[in-house]
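Colleague: What follows is a predicted structure for the sequence shown.
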Number of protein chains: 2
Amino acid sequence: MIDHTHDAAASSWVEGADGHGDFPVQNLPLGIFSREGEMRRIGSAIGDYVADLAGLAEAGLLPHVLRPALAEQTLNALFRLDAVTRRTLRHALFALLTDPAQQGAVSPWLYPAQSVELHLPFAIGDYSDFYVGIHHATNIGKLFRPDNPLLPNYKHVPIGYHGRASSIRVSGAPVPRPKGQIKSPQADQPTYAPCRRLDYELELGIWIAGDHALGQTIPIGDAWDRIAGVSLLNDWSARDIQAWEYQPLGPFLSKSFLTTISPWVITAEALAPFRVAQPARPEGDPAPLPHLWDAQDQARGALSITLSVTLASAAMRESGMGPLELSRGTAQEAMYWTAGQIVTHHASNGCDLHTGDLLGTGTLSGPAPGSKGSLMEISQGGQHPVNLPTGEQRSFLEDGDELTLHARAMREGYRAIGFGPCRGVVQQAW
Amino acid sequence: MIDHTHDAAASSWVEGADGHGDFPVQNLPLGIFSREGEMRRIGSAIGDYVADLAGLAEAGLLPHVLRPALAEQTLNALFRLDAVTRRTLRHALFALLTDPAQQGAVSPWLYPAQSVELHLPFAIGDYSDFYVGIHHATNIGKLFRPDNPLLPNYKHVPIGYHGRASSIRVSGAPVPRPKGQIKSPQADQPTYAPCRRLDYELELGIWIAGDHALGQTIPIGDAWDRIAGVSLLNDWSARDIQAWEYQPLGPFLSKSFLTTISPWVITAEALAPFRVAQPARPEGDPAPLPHLWDAQDQARGALSITLSVTLASAAMRESGMGPLELSRGTAQEAMYWTAGQIVTHHASNGCDLHTGDLLGTGTLSGPAPGSKGSLMEISQGGQHPVNLPTGEQRSFLEDGDELTLHARAMREGYRAIGFGPCRGVVQQAW
């Protein structure tokens, strides 16, 4: 899987691609875009351009076998193809964008990124959200149970729950402050009011490739064959609504008002060099049950991805200030369970997974104080607000705040690749 | 909404329809069927026949405006139409099936029910499951907290959570016993093994009609305009997997292995006469918050539907015995929150609901001992097994058990209408 398309020295003739922080030719993420007044099409990001893959296929510049799937308006058909066929797309696209002789033929199919609109990459069947960030689970657990933050199942089960698929949007979609039932500890009765403790959660979203029937499972050794790729995911959370509603069946309306993803799918092929060893479990932790354990998955199941979050209040933007970094950490340190274990666990009861299903990792907080992936953790439930350079303070998000998640896969010897932003601006409740 | 199509004296020329327990001409449920080797089509059940609505529309016997929606392979397009247009279908179909002069023209489009296969009525976008059966919540709560079975939020919030849409199947689909992580109280470690406490949950499923955008809500007065109809729903539950996994985010793999629905949508129009007054809340219970309260909804928000559950073990079927009735009760007595309140609550945070979304009510147990909607309640967590006529006992479901949910809407002065069975036979784990 690690081949010449990952060569750090590879260079593209596309202007600015080689020095691009997110989208050098080693990345080639897939997504859905539209030009003004036109239909949605499949594209790939290269530098500050979007390559029109449907157009390139129509022009005969990509493998003929991919043409029907590339003519679709979502990535679902493409990721229903087997991995070998899919991989021909990466290789063909890499060849086109690195061979200067192709510049004349390909250039008409490159559009400036700022001239297109990006859309959901898949028709999302089901969305599930996990809780594999052990430092997050510990930080949140401590707010409720200081002596015993992690529940007994945590180190045995990759904890997850079902989420809402209909309210997933791509980066840039407005974030209307939700309303809901809120009951303050002092009050006798709840009220229906705008959320006062609006938070974000820094997550990765794992996209599923391929389908299996109900009553079948996914052996851990095959799990990565079912991973199409990864995006950033912001699991916006209304902490006050959540606190009142979540017993006994879990979070519901505190989450379903919006989930934002970064629109580019960083493919499993692009991530191959950044799959590294899963950190050893601390001494005394139980070993995963056999169906969740695989030597290969342990050796190459973690993701060397740096994650960060920035905040810019309306006042900061008006003053021309840059955003404030709220946290910085890595997926590798945050995830107690691997992406493969998440996928295998999800299907371990016979649940059918399908192309375009989305699996959130859960909040990815690192062990360091500066790597917490939500304001709930950073402000310790609102007790320690963050100071902004304007003199403003934030325990939770205020109207006008612009919150952005960032991710970069990095590893010695390889060209870093980025995910593109996952951004939202909070709007006043309706 | 209560018009001549509900006239108890109305008679159909279709043989056996007038005396039919489920599908007299006053019902006219909608669903999706296929004949062997043919495409899926929209149909309606009349007696022991299925009327081919696509065929009737092609033949010019139904309103022209419905023709494109009736040519689809799911009900989604039909239920995206406004309610007035949709209602023309009921009236036209009623006229065709009650007018003996139409028998010659219509008969070619009637197929014996046993000659067709039934399918999911909608492409289901999202599935949510509620917990509005207060006797169920109390019965289950008592197993954990004998003195304080209901949590403080229960009487303020229609508690719900997200479910798995991909694993919903229609009546008759096999029920493979799931595997999962199970930890008995005595054991130090969990094991991955076939579920030993397989249960059913008797629910109604509410189908959504129409769409609204993210950030909008559904006023309680408009909630029934967004209800397409109702089916039976069996929320199969693996109690041992559930007990180990559900903290802190709720049930997940203990539910997602399968959900079974009855394939016919009993439309909101058919249910109109059976909408009755919601029982008054017990003295001392809090009033619903204003956004969840509407006089009309209280006056006509409950459903006069009798629900029952039957079990036939493999040995019972082999001996030619009829099934054993495990419970009998009514939706009206079971539901603390109305269908309208469920719909309004779901959208109260701005979550977008769409045509074909499915909302389970939660287990509908009545107040009487014989009206409990799950084996967990009937056997009190396995302590009091049910005696079968073969001498077998059941605390939970065994391989080969055939479990069927039944529902009939009944009210003085109206012809009763049935839902058709919601059935499954438990299969050995893979």
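Modeller: Thanks, I have it. Numbering: from 1, shown residues only, chains lettered A, B, ... in the order given.

Colleague: Contacts only, for A:G370.
Modeller: Under the criterion of C-beta atoms under 8 Å, 6 or more residues apart in numbering or on different chains, the contact partners of A:G370 comprise A:S327, A:R328, A:G329. (Each C-beta comes from the backbone N, C-alpha and C, glycine too.)

Colleague: give me every residue that touches the last one.
Modeller: Contacts for A:G329 were tallied using C-beta under 8 Å, 6+ apart; they are A:T306, A:L307, A:S308, A:L364, A:S365, A:G366, A:A368, A:G370, A:S371, A:G373.

Colleague: Turn the contacts of A:G370 into a markdown table, columns for distance to B:E333, secondary structure and pLDDT.
Modeller: Conversion of the contacts of A:G370 to a markdown table gives the following (distance: C-beta to C-beta, whole Å; DSSP: H, G, I helix; E, B strand; the rest coil; pLDDT from 0 to 100):
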| residue | distance to B:E333 | secondary structure | pLDDT |
| --- | --- | --- | --- |
| A:S327 | 51 | strand | 98 |
| A:R328 | 56 | strand | 98 |
| A:G329 | 53 | strand | 98 |
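
Colleague: wait, which of those residues is closest to A:H354?
Modeller: Set against A:H354, the nearest of those by C-beta to C-beta is A:G329 (31.4 Å).

Colleague: For the closest one, list each beta-bridge partner.
Modeller: Per DSSP bridges, the residues bridged to A:G329 are A:L307.

Colleague: Name only those of the contacts of A:G329 that count as buried.
Modeller: Buried subset of the contacts of A:G329 (neighbour count, 16 or more other C-beta atoms under 10 Å in any protein chain shown): A:T306, A:L307, A:S308, A:L364, A:S365, A:G366, A:S371, A:G373.

Colleague: Quickly check those residues for the two that are furthest apart.
Modeller: Of all pairs drawn from these, the greatest distance, 13.7 Å, lies between A:T306 and A:S365 (C-beta to C-beta).

Colleague: before we move on, the earlier item: how about TSV for the buried ones among the contacts of A:G329, with distance to A:K155 added?
Modeller: TSV is the format used below for those (distance: C-beta to C-beta, whole Å):
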residue	distance to A:K155
A:T306	25
A:L307	23
A:S308	27
A:L364	17
A:S365	17
A:G366	18
A:S371	21
A:G373	20
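
Colleague: so how far is chain B from the residue of chain A most remote from its centre?
Modeller: In chain A, counting by C-alpha atoms, centre = their mean, A:D188 sits farthest out from the average C-alpha position, at 39.3 Å. If you measure A:D188 against chain B using C-beta to the nearest C-beta, to the nearest Å, the figure is 9 Å.

Colleague: buried set for stretch A:129-145?
Modeller: By neighbour count with 16+ other C-beta under 10 Å, stretch A:129-145 contains the buried residues A:129-142.

Colleague: Out of the residues you listed, which are close to chain B?
Modeller: On the criterion C-beta under 8 Å from any C-beta of the partner chain, A:Y131 are the entries of the buried residues of stretch A:129-145 that sit beside chain B.

Colleague: Cross the buried residues of stretch A:129-145 against strands and list the overlap.
Modeller: For these, membership in strands holds for A:D129, A:F130, with DSSP state E as the criterion.

Colleague: Is it possible to get a markdown table of the buried residues of stretch A:129-145 that adds pLDDT?
Modeller: A markdown table is the format used below for these (pLDDT from 0 to 100):
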| residue | pLDDT |
| --- | --- |
| A:D129 | 98 |
| A:F130 | 98 |
| A:Y131 | 98 |
| A:V132 | 98 |
| A:G133 | 97 |
| A:I134 | 97 |
| A:H135 | 97 |
| A:H136 | 97 |
| A:A137 | 96 |
| A:T138 | 96 |
| A:N139 | 95 |
| A:I140 | 93 |
| A:G141 | 92 |
| A:K142 | 92 |
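
Colleague: from the buried residues of stretch A:129-145, which is closest to chain B?
Modeller: Top of the list for closeness to chain B, among the buried residues of stretch A:129-145 and by C-beta to the nearest C-beta, is A:Y131 at 6.2 Å.

Colleague: need the contact list for the spatially most central residue of chain A.
Modeller: The residue at the geometric middle of chain A, judged as the C-alpha nearest the mean C-alpha position with C-alpha atoms, centre = their mean, is A:L232 (2.2 Å). For A:L232, the contacting residues are A:171, A:202-205, A:261-262, A:405-407, A:419-422, taking C-beta under 8 Å, 6+ apart as the criterion.

Colleague: and it, helix, strand or coil?
Modeller: Each residue gets one of three states, and A:L232 gets strand by DSSP: H, G, I helix; E, B strand; the rest coil.

Colleague: Next one: the residue in chain A that chain B sits nearest to from B:P251, what distance?
Modeller: Closest contact between chain A and chain B, by C-beta to the nearest C-beta, is at A:G250 (2.5 Å). A:G250 sits at a distance of 8 Å from B:P251 (criterion: C-beta to C-beta, to the nearest Å).

Colleague: so what's A:P68 up against?
Modeller: A:P68 makes contact with A:A77, according to C-beta under 8 Å, 6+ apart.

Colleague: redo that, cut-off 10 Å
Modeller: If a contact means C-beta atoms under 10 Å, 6 or more residues apart in numbering or on different chains, then A:P68 has A:A57, A:A77, A:L78, A:L81 as its contacts.

Colleague: Could you confirm it falls within a helix?
Modeller: Yes - A:P68 forms part of a helix when assessed by three-state DSSP.

Colleague: Which pLDDT value belongs to A:N148?
Modeller: pLDDT recorded at A:N148 is 85.
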